[in-house]
Every structure is written in structure tokens, then in C-alpha cells.
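Chemist: Below are the sequence and a predicted model; questions follow.
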Amino acid sequence: MPNPTHFQSQVLRWFDVHGRKDLPWQSPRDPYRVWVSEIMLQQTQVGTVLDYFHRFMSRFPSLEALAESDLDAVLGLWAGLGYYARARNLHRTAQCLMTDHQGHFPASLEALERLPGIGRSTAGAILSLGLGLRAAILDGNVRRVLARHEAIDGWPGQAETLRKLWDLSEFLTPEARVADFNQAMMDLGSLMCTPRSPACTECPLGSTCQAYRQGSQALYPGRKPARAIPTRKAFWLILRKPSGRIYLEQRPGRGIWGGLLSPPEFETREALEDFCHAHWGQGHSSVLLPERRHTFSHFHLDFWPVLSDIDEVADVPLALSGHFLAPDQVGHLPTPVRKLLGDLPFQTGTSAP
């Protein structure tokens, strides 16, 4: 184990000169702003989050404002960030905090971890960065710094490797200046100890970093065991009226793009055509548009849009829950849906396998 006093002093000395102190969630620094930023930063870079965070805070400046809001409004501001379960959990947690915790964040790691969407590292960030209490963190940047410094083998997704990293983070976290220390560790991972081409000669921990001494920085942290990413195929119905209005349905709350609007999706083109005939009869024509791909973290989605033009007077049958909406009526759409609808005037027909 490294000497914690020396490690902490090196990190904090570097932070005082080079650390980030002007991020929007740092001023004012309170648990609500820290929490929102931490959720946004999961799987997302700081540069991408900045504009989203400003817009979110303008619309929901307080925990109470978020709890009292409509979920659709939250999802609308989240559109484009991806991983929409994060937004749904933000909304649920805000309501839980208002009803069960008198509108305050509990000062307990265990209590925070019981809230939707808050894991151990996020809870540690809320406590340390938002409340000034001693708590360790272990986001992706901190994992990389610690894994390299102590040359900890293994992929952090494996239980034993993760346990070692948490033990090390807990051991090194100081009692004093804990907010600055945790911010400094994240900054080191983001600015210096980067996944590729780390700035080891400028790093304050270079003299004690085992990976640097061994020239093995690229080995840490260990990579996730490779596996093939499956591919799903689908057909999307783009039902359009002459006015340009498109038929869209709200997706289920769970699953990809939960709660967002999107075109109806089918496994086969035959199923799509049957759907159109069952609800709108023969009053439409359709053309198959070129195949598109959208990649999630765990699978590829290959889809063929089927553009089907329908009479302006056609209505939505009572058996369906969707609506014909004009582009300016749509507040939030999944990224591939938004791109597809924007490209419609330029598409030409093709064939699917």
C-alpha cells in the first residue's frame, strides 16, 4: 500500500495549481447539483454534459422543482444524452427525497445507495463533494489512476479487482479537504492519467506509480473480456400525412428509450404492413428506405424505415395510443429517430435482405 499522507499531499498540491475549480456544479457546491452532475457524467464526457447541465438547472433549479415536474419534461431535457434510465431514476429519487427525507439528502452511504440510480461511487461523491463528509469514490477515472499506481491486475468489472480498488480508495481518502481530494483524483484521471498517452512525466504521482516505473501503463486497468456484440433487426413504420405529421407512439417506461416517442417497431416488414392494413385499410402507400444502424453498449440495432404516406383525413383508431405529430410538436426523440426524420426528404427506396 502507498503512504497515504504522501499520496494525499501530492494529489492536493497538484490540485491547488492545476485542478478544475470552475465546473458549473462546483459553484455553488451543494448535494443536489453534485448528484445531477454525477448522474449525467455516467458514461458521458464532461464536455458533453456542460450544456445539458446548464439547461437542466435552468428548468429544475432545486430538488423540489425536479420532484414536482412531469417526467416527460425531464426526458425532454435529457434527449441526446442516452441511457434514459438515468433520467427516470433522477425523477424518482427526487420524489423519494421529498417524501421520505424531508427534501434533504441523507448523510449516510447506506441510505443514499437505497435510492434509485445511486451506486456506491455516486453516493460517495454526494457525501464528499456535496456535504464535505469523508467518503471514497471510484468512478472510471479514479479506477484508472489507482489501478496504474498500484499495478492492480484484472478488469474492474470483476468482483475481486473491484474490491481491491475500493479498499485502496478507502485507504487513501483523507479526513480533511475530502472534496478537493476526490475532485483532484477525478481530474487526474481525466486530464493526466488518460486511457491513451497518459502524461506520466507531468503527473504528481509519477515517482510512486508502479505502472509508470514498469512502462506498463497500457495494461491497467485490465480490459473487459471480449465478447461478440449481438445484432437485432427491426422495421420502423414512418407513417406520414401530406402535412408532414408523423405517427409516433410512447415507448414503455422500461427498456431502451423508455418513455420517449418513436415510430412503431416490427420484427418483419410483413408484420408492419399487416398493422397498417388492420388500422388504416388500403389508404396508404409505402417505400422501403435504406438500412440504418444504431449501436448501444450491448447490441447493434439494424433497422429499415418504411415510409408510408397516408391521407390527411386519416385518424388514429381507438385501439392505438399514438398520435400524428408535426415536427414542431415533438419535444424529445431518441437520437436515431430524430436523425431519421430529419433525413426523410432526402431518402430513396431500397431493398432489405
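Modeler: Great, that's in hand.

Chemist: which residues in the stretch 151-300 of the chain form strands?
Modeler: Applying DSSP state E, counting those that start in this stretch to the stretch 151-300 of the chain gives strands spanning 231-240, 246-250, 261-262, 265-266, 284-288, 292-295, 300-310.

Chemist: Among those strands, show the one with the smallest mean pLDDT.
Modeler: Least confident of the strands of the stretch 151-300 of the chain, judged by mean pLDDT, is strand 284-288 with a mean of 82.

Chemist: Parallel or antiparallel, list what pairs with the lowest-mean-pLDDT helix or strand in the chain.
Modeler: Ranking every helix and strand in the chain by mean pLDDT, DSSP states H and E puts strand 284-288 at the bottom, with a mean of 82. Within its sheet, strand 284-288 is paired with strand 300-310 (antiparallel), according to DSSP bridges.

Chemist: quick one: secondary structure of the closest residue to Trp78 other than its chain neighbours?
Modeler: Distances taken as Cβ to Cβ, 6 or more residues apart in numbering place Ala87 nearest to Trp78, at 3.9 Å, with adjacent residues excluded. Using the backbone N, CA and C atoms, a C-beta is placed for each residue, glycine as well. Assigned with DSSP: H, G, I helix; E, B strand; the rest coil, Ala87 falls in the helix class.

Chemist: Buried ones in stretch 103-114, by neighbour count?
Modeler: 105-106, 109, 112 (16 or more other Cβ atoms under 10 Å).

Chemist: model confidence over it, on average?
Modeler: 96.

Chemist: likewise stretch 337-353?
Modeler: Mean per-residue pLDDT for stretch 337-353: 66.

Chemist: any chance of the strands of the stretch 151-300 of the chain in a markdown table, with distance to Gln217 too?
Modeler: Below are the strands of the stretch 151-300 of the chain laid out as a markdown table (distance: least, Cβ to Cβ, whole Å):
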| stretch | distance to Gln217 |
| --- | --- |
| strand 231-240 | 34 |
| strand 246-250 | 47 |
| strand 261-262 | 42 |
| strand 265-266 | 44 |
| strand 284-288 | 49 |
| strand 292-295 | 28 |
| strand 300-310 | 31 |
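
Chemist: closest to Gly132 out of those strands?
Modeler: Closest to Gly132 of the strands of the stretch 151-300 of the chain is strand 292-295 (Cβ to Cβ; 40.3 Å).

Chemist: for that closest one, packing partners?
Modeler: Contact here means 3 or more Cβ pairs under 8 Å, 6 or more residues apart in numbering; DSSP states H and E; on that basis strand 292-295 packs against strand 300-310, helix 335-343.
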